[in-house]
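Peer 1: below is the structure, and that's it, no one-letter string:
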């Protein structure tokens, strides 16, 4: 079993649309993992059934027992995050501001404060319209610990792939270079970098590849909207050659990306012509590259 992680240095490059197309083309041979938990949206294209769901708990949050609290204010005084204001005469913990450090509970003279594990998201295992298994999750608004939730998604998708003897796990990673991206890259066999022919796209491609190199993972690249700027496209191709990154394909700017999303379809479902051909050939090429990775 091989793990393919699709990432981009910035949002808006078409990463999820491309990954969803691979997931649709892979059918029963793959397990899909949506690790973009901060802004999960692959479910809009893959139509999972949400057959299994569980709450995800991570980190601690303070809770004040108002029946015990003497309103001394010591907890509010020591809170560096201003998370315990006075509301209607009571000291109340603001969930979005509490960092779970536990200092307030330590200084409370009457033990009115407890530190409780907090629910930060939802975790799902589904069947999709492509007849494959999709492991996905969604982080709650303002919640932290996205890296831990990504790690859970990856671990479960690998377990399912190994138990059902699937050839590939296809991972939709987060954009950027933050904690969830680092977690997405852990244990990957191949990274597919999705970029676009813009100054920002090229800049963030170079930045995210610096991260990939630290993991010593083989990389390939797809250039989306290559015809937006021919000079930048050439610079990207020169960079790929210089860094020994395999250039898989280039896709033209096409409004079918947006129209497919509006219809709740992957690109290969919506477009029966040029884009479908390019993406199908790209998927076959990526599978061959992955099989050659030791």
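Peer 2: Everything's here; your move. Computed from a predicted model, the values in this text were never measured in an experiment.

Peer 1: hang on, residue 280 is in a strand, isn't it?
Peer 2: No - in this structure, residue 280 is helix, not part of a strand, as judged by DSSP: H, G, I helix; E, B strand; the rest coil.

Peer 1: what's near enough to touch the residue nearest to it when sequence neighbours are not counted?
Peer 2: Sequence neighbours aside, residue 25 is the residue nearest to residue 280 in space, at 6.2 Å (criterion: CB to CB, 6 or more residues apart in numbering). In this view, the C-beta of every residue, glycine as well, is placed from N, C-alpha and C. Residues in contact with residue 25 (CB atoms under 8 Å, 6 or more residues apart in numbering) are 268, 279-280, 283.

Peer 1: ok, which stretches of the stretch 51-200 of the chain are helices?
Peer 2: 74-78, 103-107, 146-163, 179-185, 199-215 (DSSP state H, counting those that start in this stretch).

Peer 1: so which of those gets nearest residue 13?
Peer 2: helix 199-215 (6.2 Å; CB to CB).

Peer 1: pLDDT on that closest one, on average?
Peer 2: Computed over helix 199-215, the mean pLDDT rounds to 93.

Peer 1: how much space between residue 192 and residue 289?
Peer 2: 9 Å (CB to CB, to the nearest Å).

Peer 1: so if I had to pick from the two, which one is more boxed in?
Peer 2: Under the criterion of other CB atoms under 10 Å, the comparison of residue 192 against residue 289 puts residue 192 first, with 27 against 19.

Peer 1: follow-up on the earlier one: pick the most deeply packed of the helices of the stretch 51-200 of the chain.
Peer 2: Comparing those by mean neighbour count (mean count of other CB atoms under 10 Å), helix 179-185 ranks first with a mean of 22.

Peer 1: show me how far that one is from its chain's centre.
Peer 2: 8 Å (CA atoms, centre = their mean, to the nearest Å).

Peer 1: ok, back up a step: can you redo the helices of the stretch 51-200 of the chain as CSV with distance to residue 130?
Peer 2: Converted to CSV, the helices of the stretch 51-200 of the chain look like this (distance: least, CB to CB, whole Å):
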stretch, distance to residue 130
helix 74-78, 51
helix 103-107, 48
helix 146-163, 15
helix 179-185, 21
helix 199-215, 27
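
Peer 1: closest to residue 14 out of those?
Peer 2: helix 199-215 (10.3 Å).

Peer 1: just name whatever secondary elements the helix or strand just after the closest one is in contact with.
Peer 2: Using DSSP states H and E, the helix or strand that directly follows helix 199-215 along the chain is strand 218-224. Using 3 or more CB pairs under 8 Å, 6 or more residues apart in numbering; DSSP states H and E, the elements in contact with strand 218-224 are strand 190-196, helix 199-215, helix 230-242, strand 246-251, helix 274-291.

Peer 1: a markdown table for these, including distance to residue 52?
Peer 2: A markdown table is the format used below for these (distance: least, CB to CB, whole Å):
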| stretch | distance to residue 52 |
| --- | --- |
| strand 190-196 | 28 |
| helix 199-215 | 30 |
| helix 230-242 | 40 |
| strand 246-251 | 33 |
| helix 274-291 | 27 |
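
Peer 1: wait, which of the contacts of residue 25 is closest to residue 182?
Peer 2: residue 283 (25.7 Å).

Peer 1: report pLDDT for the closest one.
Peer 2: pLDDT recorded at residue 283 is 96.

Peer 1: what is the burial count for it?
Peer 2: Neighbourhood size, residue 283 [other CB under 10 Å]: 22.

Peer 1: distance of the nearest residue in space to residue 92 that is not next to it in sequence relative to residue 198?
Peer 2: Leaving aside its chain neighbours, residue 92 sits nearest to residue 85 (6.5 Å; criterion: CB to CB, 6+ apart). Residue 85 sits 44 Å away from residue 198, going by CB to CB.

Peer 1: neighbour-wise, which of these two wins?
Peer 2: residue 198 (18 against 13).

Peer 1: contacting residues around the more buried one?
Peer 2: 225, 228-229, 232 are the contacts of residue 198 under CB under 8 Å, 6+ apart.

Peer 1: ok, and for stretch 248-258, which residues are buried?
Peer 2: The neighbour-count check on stretch 248-258 (16 or more other CB atoms under 10 Å) flags 248-251, 254, 256-257 as buried.
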